[in-house]
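Q: Need coordinates for the following:
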Amino acid sequence: MSTRRFDFPGPAGQTLSGRLERPDGPPLAWALFAHCFTCTKDSLAAARVSRALAARGIGVLRFDFTGLGDSEDEGSPGGFARDVADLLAAAKAMVAHDCAPSLLVGHSLGGAAALAAAGDLPGIAAVAVVGAPFDPALGVGAFGAPPGKAGEAIVNLGGRPFSLPPGFFKSLRAQAPGDRIAHLRRALLVLHSPQDPVIGIDNATAIFAAARHPKSFISLDRADHLLTRAQDADYAAEVIAAWASRYLPPPAPAIPDPATVGVVRVEETGAGRFQVRVHAGGAVFLADEPAAVGGMGSGPNPYDVLCAALGACTAGQRRGWRWRSPTPATRAWSRRTASSAASTSTAPWTLGNGRGCWRSPTAARCTRPWSTAPASRQQPPS
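A: Have a look, this model is predicted:
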């Protein structure tokens with residue numbers, strides 16, 4: 001996976017700051033993430049859920065709403081309507097960069113903004129909300145005091161006070177959440193913790209009751225409102241990715257880059273002592289060493305990869321001969337790889353390009369081209 005900066009113009013011309021999480025290999029789909037109230041794109045929930053979705057093949061843009069994090073302030077009192085406009089601007093920027101979102105994910109008040117914006121985004125096929133309030137005005141009220149005489153309010157989240165501009169509550173009261181949800185016309189997933197002390201579980205009940213099918217509910221049991229535990233964020237991302245796969249459009253066929261055709265790239269991941277990421281033939285996988293020798297066991301070891309390559313070539317060559325000969329052919333082969341330094345077999349492997357690999361008890365070496373006759377009639381090279 002990779003993360004890169006993604007800045008784009010907001011609805012009033014201000015610069016909004018985002019991060020684009022790209023999966024390894026071609027993305028299955030793209031998602032737009034709306035962070036929680038008074039949070040930023042770098043909050044634990046936003047970062048962990050976005051990266052977990054990217055690990056499952058879904059690219060994600062997470063960004064800061066106007067005036068928060070690294071995003072510029074437009075200089076005028078904002079409100080909930082501005083957050084919705086920011087989401088529309090983010091989706092427009094993604095379309096312009098050939099990563100049009102088809103999944104909208106919102107956390108807390110960001111979930112309410114996602115529900116409000118989805119109807120104006122024709123490319124969105126599915127919406128997932130985590131810990132979202134049914135009524136944005138009541139949801140914000142759960143964080144602190146109601147607006148004072150000047151229209152301002154001080155709310156508390158995570159032990160920190162935040163001052164809200166005068167127009168914030170006015171824009172919230174102008175919403176009609178029930179109607180928006182009823183006419184969403186998108187697949188909806190509601191995720192909520194029954195122990196959420198900030199936005200009660202009754203909000204999830206109201207959202208689910210107002211929505212029309214297809215709709216689903218997942219209980220995030222024992223999770224807090226901000227998803228501060230990594231396992232809670234990972235679980236939410238895993239569920240969202242699996243659920244959304246039913247509704248997202250099929251990915252476009254990957255067009256191979258001519259510069260990478262026939263190129264195998266191996267790069268260190270920085271995790272553990274031996275873990276590497278391998279890019280080969282359009283596929284991406286991890287290679288590692290077993291825990292017994294200091295690795296993490298997160299993937300096949302280099303000798304496993306070598307044997308897999310030789311086995312694939314053998315299977316391909318024998319399958320080719322199977323169509324020419326009435327003799328039944330074996331459909332599977334296996335090699336014992338208990339040690340990366342030794343092998344007890346000296347049988348030849350037949351490669352599809354006509355090269356033979358003869359493995360001695362202690363090593364494997366490739367020889368010059370030799371016969372491509374069936375394995376039973378081959379002789380090892382001298």
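Q: Now do the residue lying closest to residue 42 once chain neighbours are set aside, the pLDDT please.
A: Leaving aside its chain neighbours, residue 42 sits nearest to residue 69 (6.7 Å; criterion: C-beta to C-beta, 6 or more residues apart in numbering). The way it works is simple: take the backbone N, C-alpha and C, and place the C-beta from them, glycine included. What the model reports as pLDDT for residue 69 is 89.
Q: Also residue 14?
A: Listed pLDDT for residue 14 reads 93.
Q: Identify the residues contacting it.
A: 66, 71-74 (C-beta atoms under 8 Å, 6 or more residues apart in numbering).
Q: Over to residue 103?
A: Here residue 103 is in contact with 29-32, 58, 124-128, 240, 244, 248 (C-beta under 8 Å, 6+ apart).
Q: Nearest spatial neighbour of it, chain-adjacent residues omitted?
A: Leaving out its chain neighbours, the residue that sits closest to residue 103 by C-beta to C-beta, 6+ apart is residue 31, at 3.9 Å.
Q: didn't the one you found look like it was pressed against residue 60?
A: Yes: using C-beta atoms under 8 Å, residue 31 is in contact with residue 60, at 4.7 Å.
Q: Low-confidence bits of this protein, can you list those?
A: Scanning the chain for pLDDT under 70 picks out the ranges 75-78, 137-175, 252-257, 321-382.
Q: returning to that earlier point: adding secondary structure and distance to residue 306, write the contacts of residue 103 out as a markdown table.
A: Converted to a markdown table, those look like this (DSSP: H, G, I helix; E, B strand; the rest coil; distance: C-beta to C-beta, whole Å):
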| residue | secondary structure | distance to residue 306 |
| --- | --- | --- |
| 29 | strand | 34 |
| 30 | strand | 36 |
| 31 | strand | 37 |
| 32 | strand | 42 |
| 58 | strand | 32 |
| 124 | coil | 45 |
| 125 | coil | 42 |
| 126 | strand | 42 |
| 127 | strand | 46 |
| 128 | strand | 42 |
| 240 | helix | 37 |
| 244 | helix | 37 |
| 248 | coil | 36 |
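Q: got those residues as a markdown table, with distance to residue 283 columns?
A: Shown next, in a markdown table, are the contacts of residue 103 (distance: C-beta to C-beta, whole Å):
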| residue | distance to residue 283 |
| --- | --- |
| 29 | 19 |
| 30 | 21 |
| 31 | 22 |
| 32 | 27 |
| 58 | 18 |
| 124 | 29 |
| 125 | 26 |
| 126 | 27 |
| 127 | 31 |
| 128 | 28 |
| 240 | 24 |
| 244 | 22 |
| 248 | 21 |
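Q: Just the buried residues of the residues you listed.
A: Buried by 16 or more other C-beta atoms under 10 Å: 29-32, 58, 124-128, 240, 244, 248, out of the contacts of residue 103.
Q: so which of the contacts of residue 14 comes closest to residue 275?
A: The nearest member of the contacts of residue 14 to residue 275, counting by C-beta to C-beta, is residue 71 at 34.9 Å.
Q: how close does the closest one get to residue 65?
A: Relative to residue 65, residue 71 is positioned 7 Å away (C-beta to C-beta, to the nearest Å).
Q: Could you look up the SS state of residue 304?
A: Assigned state for residue 304: helix (three-state reduction, DSSP: H, G, I helix; E, B strand; the rest coil).
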